[in-house]
Structure formats: structure tokens, C-alpha cells
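> Have a look at this fold, sequence not included:
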């Protein structure tokens, strides 16, 4: 957590990677903090695996395609998808104009604030069972829990405010969409989507998760 929350030094040549070691009694963990604009999580996982393989004498250090030509043209290769995306962006902008905008304490503070916690096996199993019973995905349930948590923390909106909704974003791995699944490509291949809700105290977690599911199902069905 300390390494993730430590800023990258940028007073000299910018290095977007910071390796660190967490020692143990008979072993150690090798960690890597990276500037997210450089690579996605799958790239970094493959890089760390490559380092471990090389350390054990079984690696192929030249086994990556480094930042291949951009794959941003997926929308332009599918005119129907492009139209759906443009229409959805207009609708999303209208929705976000009704979402709360929490005040920033310092607009120039680009620091992170990461805190780890763990779910016990029984807790995770209970979440999986609830998601199956409610016909939602585990990710839908996590998003609903996050919305519930934010609703408890947010201050009351000013009287007459149009910004009463809560909105959160979710990152998506696009490698399958781009035909990169299974390839050892190092780069950034991510998309995102946004879900919103009108927080109400009487809204149960199940109802909120199912509302989130309606939004994510539409996003997936339309490849947005």
C-alpha cells in the first residue's frame, strides 16, 4: 500500500516503473508499481511472469510485442458500432449532468489513496451465491456495493439541485475485442463504462444490483 501511494518522481527523466521487494522469512515478493498510461494489468502480469521465468532460467526476454500499432480503429471498422457508440455517448453525457460532483480538496493533488482489505472465503462464497440467486454478475454486485457505500458518505445535495445521482466507472479489458487474446502484447488495451443510480435509503442491495445489471447487460449487448 505504501508503494502504491508513493508518487512517481518527475523532476528528472520520468521512469514509469518502480520495482520493490517485500521480504519474508524464507522467500520474498517482487512487486511492480507502474504508471497506468504505459500499460494495462495483463501486460504487467506477463512482464512479472517473464522476470520470474528468467530468474529461474526458463524465460524468453524477447517474447513481447512492445506497443504495437494502435488498435483504436475498432469503431471505424464497424460503422454500426460507431453509430451506437456516438448515440450512447450523447445519452451518457445527459446522465452524467445529473450526477454528483464531489468537491476536490486540492485540484493539483494527483496522489493516490489505496487501501487493501480481504474477504474471507465464506464471505466471497456468500457473495457468489447471492449474485447467482439475484441473476447478476459478481462485478454487478461489487458495483452495487460501491454505490451503496458512496451513498452513505455523500453529503445531501443542495435544495433544487439537478445533480442527485451517483455515478461510478468500471475498467474493461478489450483484448478479446481487438483480437489480442492470448498474444503477448505489451501496451494499454482498456475501455470503460459508467453505471449510475438514484440513491434511496429504501432501495435494497438486491434491487440496486439488479438495476446495475440492467445497465451492464445493455452495455455488453451493444458492445459499448
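Here it is on my side, so go on. A quick note: this is a predicted structure, and the numbers were derived from the prediction, not measured. Residues are numbered from 1 along each chain as shown.
> Show me where the chain has its strands.
17-23, 28-34, 65-66, 166-173, 185-186, 190-197 (DSSP state E).
> can you list the weak-confidence ranges in the chain?
The chain contains residues with pLDDT under 70 at 59-62, 72-73.
> ok, the residue nearest to residue 116 when sequence neighbours are not counted - contacts?
The shortest distance from residue 116 to any non-neighbouring residue, by Cβ to Cβ, 6 or more residues apart in numbering, is to residue 1 (5.6 Å). All C-beta spots, glycine's among them, are computed from the backbone N, C-alpha and C. With contacts defined as Cβ atoms under 8 Å, 6 or more residues apart in numbering, residue 1 is in contact with 114-116.
> Just want the most central residue of the chain.
Compute the mean C-alpha point of the chain, and by Cα atoms, centre = their mean the closest residue is residue 171, 3.3 Å away.
> Residue 190 is in contact with that residue, correct?
Yes: at 5.5 Å, residue 171 and residue 190 qualify as touching, with contact defined as Cβ atoms under 8 Å.
> Help me confirm that residue 212 comes into contact with residue 193.
No: Residue 212 is beyond contact range of residue 193, at 10.9 Å (criterion: Cβ under 8 Å).
> Tell me which of these two has more neighbours.
Shown here are residue 212 and residue 193; by other Cβ atoms under 10 Å, residue 212 has more neighbours (26 against 17).
> Report the separation between the more buried one and residue 10.
Residue 212 sits at a distance of 37 Å from residue 10 (criterion: Cβ to Cβ, to the nearest Å).
> My read is that residue 74 contacts residue 178, right?
Yes: between residue 74 and residue 178 there is a contact under Cβ under 8 Å: 6.2 Å.
> Helices of this structure, residue ranges please.
2-5, 41-55, 79-96, 121-133, 138-153, 205-221 (DSSP state H).
> For residue 104, which of the ones you listed is the nearest?
Nearest of the helices of the chain to residue 104, taken as Cβ to Cβ: helix 138-153 at 15.1 Å.
> Off-centre distance for that closest one?
Centre-to-centre, helix 138-153 and its host chain are 14 Å apart (Cα atoms, centre = their mean, to the nearest Å).
> which strands and helices sit next to it?
For helix 138-153, the packing partners by 3 or more Cβ pairs under 8 Å, 6 or more residues apart in numbering; DSSP states H and E come out as helix 121-133, strand 166-173, strand 190-197, helix 205-221.
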